[in-house]
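Trainee: Fold the following and give me the result.
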Amino acid sequence: MAELRVLIVSANPLARGGLAVLVEGMPGMKIVGATGVAEAASLAGQLLPDAVLLDAGEGEAEDLDAIARLATAQPGLPIVALASDHGAVSQALTFGAAALLPAAVDGETLAAALRASARGLVSIARADLSTLLPREERIEPPLRAPAEALTPRELEVLQWMARGLTNRQIANQLQISEHTVKFHAGAVLGKLNARSRAEAVARAIGLGWILV
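Mentor: Numbers count the residues shown, from 1 in each chain. Next up, the predicted model:
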């Protein structure tokens, strides 16, 4: 089997190094280069890799924009993106990615996604399949109350989150420090098994905990 030539792209030099070590340890993989986002399109045009492994950070709009810029500059180039929050899989695929996988993906799954992308295939985590369907066609699992209930303070923070307030604004409302708000918000997301504030609010509404 021919070696798969991979270009690594990340705005973070430490992340580039870590991904290079990970990919170099995969049988049949060869790193042809590692670069930042700004230089990615130019270097890809020079090196002609079989696939690109792109660090999409937290999966926010500006992170996903890097996928669009690279895909526009190098049409047809297979791009496998990694993000700490992979809830934007539909948008990433629309922008030109062949896959959007969690940043903590195991090496075997990542290698399979890279090889699939080089063959023109798209890789989607099973948990993300439903996000590609129109909302009215999705089969949503019934919401279950978390095993650990929210404290009164966590519920207060959640209610202000539902109103769209920032951590600083919530801190002012509750007369506590912004650091304390971040702590409570993190606990809320953890207890509700949510990947974002918006998801936490949606789950809380579904459980009837808050009204908006």
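Trainee: what helices or strands is the helix or strand of the chain with the lowest mean pLDDT leaning on?
Mentor: Every helix and strand in the chain was compared by mean pLDDT, DSSP states H and E; the lowest is helix 89-95, with a mean of 75. Counting contacts by 3 or more CB pairs under 8 Å, 6 or more residues apart in numbering; DSSP states H and E, helix 89-95 is packed against helix 61-73, strand 99-102. The way it works is simple: take the backbone N, C-alpha and C, and place the C-beta from them, glycine included.
Trainee: what would these look like in CSV with mean pLDDT, mean neighbour count and distance to residue 27?
Mentor: Output for those, formatted as CSV (pLDDT from 0 to 100; neighbours: other CB atoms under 10 Å; distance: least, CB to CB, whole Å):
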stretch, mean pLDDT, mean neighbour count, distance to residue 27
helix 61-73, 80, 17, 26
strand 99-102, 83, 26, 19
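Trainee: Make JSON lines out of those and add distance to residue 154.
Mentor: Shown next, in JSON lines, are these (distance: least, CB to CB, whole Å):
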{"stretch": "helix 61-73", "distance to residue 154": "28"}
{"stretch": "strand 99-102", "distance to residue 154": "26"}
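Trainee: among these, which is nearest residue 26?
Mentor: Residue 26 sits nearest to strand 99-102 of all those, at 14.3 Å, using CB to CB.
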